[in-house]
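Chemist: what would the 3D arrangement of this be:
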Amino acid sequence: MSQRFSELGINDSLQQALANLKISVPTDIQEKSIPVILNQTEDLVAIAKTGTGKTAAFGLPLLQKVNLESASVQILILAPTRELGQQIYNNLVDFSEENSKISIASVCGGIPIKPQIERLKETTHIVVATPGRLVDLVKRGAIDIKSLNYLVLDEADEMVTALKTDLDVIIKAIPKSRRTLLFTATLSGAIKQLVQNYMSKHVVQVEAHMETVGHQGIDHQYVVVEPIEKLEVLLHFLNSKEGQRGIIFCKTKAAVNKLAKKLAINKFSSGAIHGSLTQGIRDRIMGQFREGFIDILVATDLAARGIDVKDVAYVVNYHLPDTYEAYVHRSGRTARAGAKGLSLSVIQKEEVEEIPEFEDELGLVFTEFKKANAQSIAENNGLLWAKKIFKTKPNRQVSEDFKSQIKTIFHHLTKEELVDKILANYLAQNPTDISKPETAKQAKKK
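Modeler: Here you go, the predicted model:
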């Protein structure tokens, strides 16, 4: 039976803030982590999938441990991306709304550093940072982390692979006596090495029940395609999900840009984020996605860390990720807060053998998604063509005389006749089986 936050030792002001946020029952990782952080002195390794409430698992007890009599930075929380860092910062601000004396600063990369330097001149108890920006601030002498009591590494599996150099610099700059809390999706070899190198010999390890939290509500599917039909199959799928919010993951920045351009050409409501875009652009696209102005986000793995958006109906792996941890983070963008969601991997024949490996490693069951047949694809292409016409903005530079001549040509046609002629013209240029509907007998023979 689940405990309440009061039973875990969380104080009244934090409980009130949680009540204001309509949070009353701890998740599994919160139940296991909070008492360890509050009542023990050992370092902590917490294994939990994305969307399991990790921020509250370390944030609540650490907020409670802030010494308001001290003006020094006591707690440092590192995140691999600014998006995740900003999400953690926002959550901590919400949790501490009943205690305005706690001072929290976000110092992440991708935005001007000078305002952050000015902010750090004020009393700051907790700092949320990306490793690269923190190293820059340390080198400038803008932040003092020599009195640190707690170091939190969130989504450490990404940090230890992509940002190891910066992490090494930070570890050397903080007190050896600090307590380290490491949160990760899986206990990979790189994470084990980090634990061995940078954490104490006495480490407490906790793990959320994956069968009840990690993949709950996610339907894992795959569809096998030929390279030439990959885009068309994706477009057919996306058209069937019109009005729903989804994220498409690609392996490289170039692939993100290429796919985003294809979606834009086909008039899908979409945007793209990857590490080479300026932070301002990334923030703007994320804001549009979060607020529902665009339905589809095309992203790389690193840029998508920290995306915590409700009502993401599906995730598409346009390219399979290189690691099992990346798949966990990708699929975890959907089915958040108890909702249901679909994680669809678009793969080629030679990749089919990888599916059992993902199942064994992550304890999942994949089912095969039925690929649309040739006629459905052709019809979908026709619908996309029609939508392009519908969404095309009129050319205001066309002369009225020329426009009048065009109108004269079509003047005697009814709307239905005009549609028939435009469609016939499309089919003549794009020969398909659309114009030859299947009879019931033909469908049965197939």
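Chemist: next structured bit after the longest helix along the chain?
Modeler: Across the chain, the longest stretch assigned as helix under DSSP state H is helix 374-391. Using DSSP states H and E, the helix or strand that follows helix 374-391 in sequence is helix 400-410.
Chemist: now the following helix or strand past that following helix: buried residues?
Modeler: Beyond helix 400-410 on the C-terminal side, the first helix or strand identified by DSSP H and E is helix 415-429. Under the neighbour-count criterion of 16 or more other Cβ atoms under 10 Å, helix 415-429 has Y426 buried. From N, CA and C alone the C-beta is placed, and that goes for glycine too.
Chemist: so helix 415-429 versus helix 374-391, what angle?
Modeler: Interaxial angle, helix 415-429 versus helix 374-391 (axes from the mean of the first three to the mean of the last three Cα atoms, to 10 degrees): 120 degrees.
Chemist: ok, back up a step: for the longest helix of the chain, buried residues please.
Modeler: I377, A378, E379, N380, N381, G382, L384, W385.
Chemist: between the two ends of stretch 386-405, what distance do you get?
Modeler: 24 Å (Cα to Cα, to the nearest Å).
Chemist: and the pLDDT for the closest residue to G53 other than its chain neighbours?
Modeler: In this structure, G53 finds its nearest non-sequential neighbour in T27, 3.9 Å apart by Cβ to Cβ, 6 or more residues apart in numbering. At T27 the predicted local distance difference test score is 86.
Chemist: the buried residues of helix 374-391 into a markdown table, with extra columns for distance to T124?
Modeler: What follows is these, written out as a markdown table (distance: Cβ to Cβ, whole Å):
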| residue | distance to T124 |
| --- | --- |
| I377 | 56 |
| A378 | 60 |
| E379 | 59 |
| N380 | 54 |
| N381 | 56 |
| G382 | 59 |
| L384 | 52 |
| W385 | 56 |
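Chemist: most widely separated two among those residues?
Modeler: I377 and W385 (12.8 Å; Cβ to Cβ).
Chemist: and L78, bridged to which residues?
Modeler: A129, L153 (DSSP bridges).
Chemist: residue contacts, it?
Modeler: A129, T130, P131, L134, L151, V152, L153, D154, M159, L167, I170 (Cβ atoms under 8 Å, 6 or more residues apart in numbering).
Chemist: if we can go back for a sec, quick one: contacts for the residue nearest to G53?
Modeler: Neighbours of T27 in contact, by Cβ under 8 Å, 6+ apart: T52, G53, A56, A57, A208, V213.
Chemist: would you turn those into JSON lines with pLDDT?
Modeler: Output for the contacts of T27, formatted as JSON lines (pLDDT from 0 to 100):
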{"residue": "T52", "pLDDT": "76"}
{"residue": "G53", "pLDDT": "84"}
{"residue": "A56", "pLDDT": "95"}
{"residue": "A57", "pLDDT": "96"}
{"residue": "A208", "pLDDT": "82"}
{"residue": "V213", "pLDDT": "38"}
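Chemist: out of those, who's the most crowded?
Modeler: A57 (29 neighbours; other Cβ atoms under 10 Å).
Chemist: T300 and V256 touch, don't they?
Modeler: Yes - counting by Cβ atoms under 8 Å, T300 touches V256, with 5.7 Å between them.
Chemist: okay, and the common contacts of these two?
Modeler: C250, I273, H274.
Chemist: just those residues: which are in helices?
Modeler: Per DSSP H, those never map to helices.
Chemist: of all those residues, which comes closest to L427?
Modeler: C250 (32.4 Å).
Chemist: now the closest one: closest residue in space, sequence neighbours ignored.
Modeler: Closest to C250 by Cβ to Cβ, 6+ apart is V256, at 4.7 Å.
Chemist: isn't the one you found up against L263?
Modeler: No - with contact defined as Cβ under 8 Å, V256 does not reach L263; the gap is 10.6 Å.
Chemist: what touches both of those two?
Modeler: Common neighbours of V256 and L263 (Cβ under 8 Å, 6+ apart) are V298.
Chemist: tell me which of those two has more neighbours.
Modeler: V256 (25 against 20).
Chemist: on that earlier part again, can I get the buried residues of helix 374-391 in CSV including distance to V309 and pLDDT?
Modeler: Below are the buried residues of helix 374-391 laid out as CSV (distance: Cβ to Cβ, whole Å; pLDDT from 0 to 100):
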residue, distance to V309, pLDDT
I377, 30, 86
A378, 34, 86
E379, 31, 87
N380, 27, 87
N381, 30, 85
G382, 32, 87
L384, 26, 84
W385, 31, 88
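Chemist: spit out the contact partners of the residue nearest to D322 when sequence neighbours are not counted.
Modeler: Excluding its sequence neighbours, the residue lying closest to D322 (Cβ to Cβ, 6+ apart) is K251, at 7.4 Å. By Cβ under 8 Å, 6+ apart, the contact set of K251 is T300, D301, H319, P321, D322.
Chemist: likewise A57?
Modeler: Per Cβ under 8 Å, 6+ apart, neighbours of A57: T27, I29, Q30, K32, S33, I34, A46, A48, F183.
Chemist: and the helix or strand N197 falls within, what does it pack onto?
Modeler: According to DSSP H and E, N197 maps onto helix 189-198. Applying 3 or more Cβ pairs under 8 Å, 6 or more residues apart in numbering; DSSP states H and E, we find helix 189-198 packed against helix 156-162, strand 179-184.
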